[in-house]
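> Test case, fold it:
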Amino acid sequence: MVRRVTCLAALLVAGLLYHRTAAAQTIVAASDVGLPPFSMTGDDGQYEGMDIDIAAALSKQMGETIKVIDQPWSTTYPGLNAGKFDIVL
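Numbers count the residues shown, from 1 in each chain. Have a look, this model is predicted:
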């Protein structure tokens, strides 16, 4: 299951990068932090969970910075359409 999600996320990011300019930019990823085990805030105040791990793995593999922001699920797709972030985790 995690491999399938990782592959889908990688395809989404690959499509995003295909349309980006050559200038280095931070990719902003939205996740509804508070839905364990997918994403949550740890005791140290940092985001953690499967979605965060996927973002970190993609960031490392691509050599790009991915910043994860907390976005309530009900506003995720309107926010994506409005350009507030680049991908949804």
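
> low-scoring pLDDT stretches of this structure, where are they?
Low-confidence segments of the chain (pLDDT under 70): 1-24.

> Show me where it has its strands.
27-31, 40-41, 47-48, 66-70, 87-88 (DSSP state E).

> For the second one, which outside residues touch it?
The list of residues contacting strand 40-41 from outside it, by Cβ atoms under 8 Å, 6 or more residues apart in numbering, reads V33, G34, Y47, E48, G49. To be clear about C-beta, it is placed using only N, CA and C from the backbone, and glycine gets the same treatment.

> so who does the third one touch?
The one in question is Y47. Y47 touches S31, V33, S39, M40, T41, V68, D70, counting by Cβ under 8 Å, 6+ apart.

> Who wins on neighbours among those residues?
S31 (26 neighbours; other Cβ atoms under 10 Å).

> and A57, how far is that from V88?
16 Å (Cβ to Cβ, to the nearest Å).

> Which among the strands of the chain is found nearest to G79?
strand 27-31 (6.2 Å; Cβ to Cβ).

> Contacts only, for G49.
G49 neighbours (Cβ under 8 Å, 6+ apart): L35, P36, P37, F38, S39, M40.

> same check, this time on T26
E64, T65, I66, K67.

> so the first one makes contact with I27?
Yes: when contacts are counted by Cβ atoms under 8 Å, E64 is listed as touching I27 (5.7 Å).

> More neighbours: which of these two?
I27 (20 against 16).

> Show me what the more buried one bridges to in the sheet.
I66 (DSSP bridges).

> And it, how close does it get to S74?
Between I27 and S74 the distance is 23 Å, computed by Cβ to Cβ.
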